[in-house]
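J.: Sequence isn't available, so here's the structure alone:
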């Protein structure tokens, strides 16, 4: 998945991504994830917080091709289904609609590009002061050790 930007951003910045939406909407989104994915409320809330952080990073970095992890994408999908609230959020936070453009898994090199985009997303979130929940971004069972800027890549000496 990548994000396409339509125009420059006004990008609201918040230390806590959950504060970007009303608590009532957060509860509905968390409830949807719990029901659809059969996960705990706590885990669903973590997913939503990271999805909101991802969208905030997209707002702050238009046109950079940021991408969510598979787990964080669950939260983005839940939010998109609430079209009015999602559109209003995008306009308020990014001054544009943040489009969802799925990555075609059949594309040669898609996995590498996706890993690089996720690494760039994590870096953009951290640069903006948005807390990253590493477990939701790089599941250890899928890590290919590509060193695309992920949270656990070796540091240069």
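T.: Arrived safely. It should be emphasised that the depicted structure is a prediction, and the values quoted were computed from it without experimental measurement. Residues are numbered from 1 along each chain as shown.
J.: so residue 65, which of the three states?
T.: coil (DSSP: H, G, I helix; E, B strand; the rest coil).
J.: Just give me how far the helix or strand harbouring residue 78 sits from the chain centre.
T.: Using DSSP states H and E, residue 78 falls within helix 70-80. Centroid separation between helix 70-80 and its chain, computed with CA atoms, centre = their mean, to the nearest Å, is 8 Å.
J.: Check stretch 114-128 too.
T.: Offset of stretch 114-128 from its chain centre (CA atoms, centre = their mean): 9 Å.
J.: average pLDDT for that stretch?
T.: Stretch 114-128 shows a mean pLDDT of 93.
J.: Report the mean per-residue pLDDT for the helix or strand that contains residue 44.
T.: Element membership for residue 44 (DSSP H and E) is helix 41-60. Across helix 41-60, the average pLDDT comes to 98.
J.: picking that back up, next SSE after the helix holding residue 78?
T.: Next along from helix 70-80, by DSSP H and E: helix 83-94.
J.: Which SSE is immediately downstream of that following helix?
T.: Heading C-terminal from helix 83-94, the first helix or strand you meet, by DSSP H and E, is strand 99-101.
J.: Between helix 41-60 and the following helix or strand past that following strand, find me the angle.
T.: Once the chain leaves strand 99-101, the next helix or strand it forms, by DSSP H and E, is helix 110-127. Orientation check (axes from the mean of the first three to the mean of the last three CA atoms, to 10 degrees): helix 110-127 against helix 41-60 gives 90 degrees.
J.: Against which helices or strands is helix 110-127 packed?
T.: helix 41-60, helix 134-137 (3 or more CB pairs under 8 Å, 6 or more residues apart in numbering; DSSP states H and E). C-betas here are computed from N, CA, C, even on glycine.
J.: How far away from the center of its chain is that helix?
T.: The answer for helix 110-127 is 10 Å, by CA atoms, centre = their mean.
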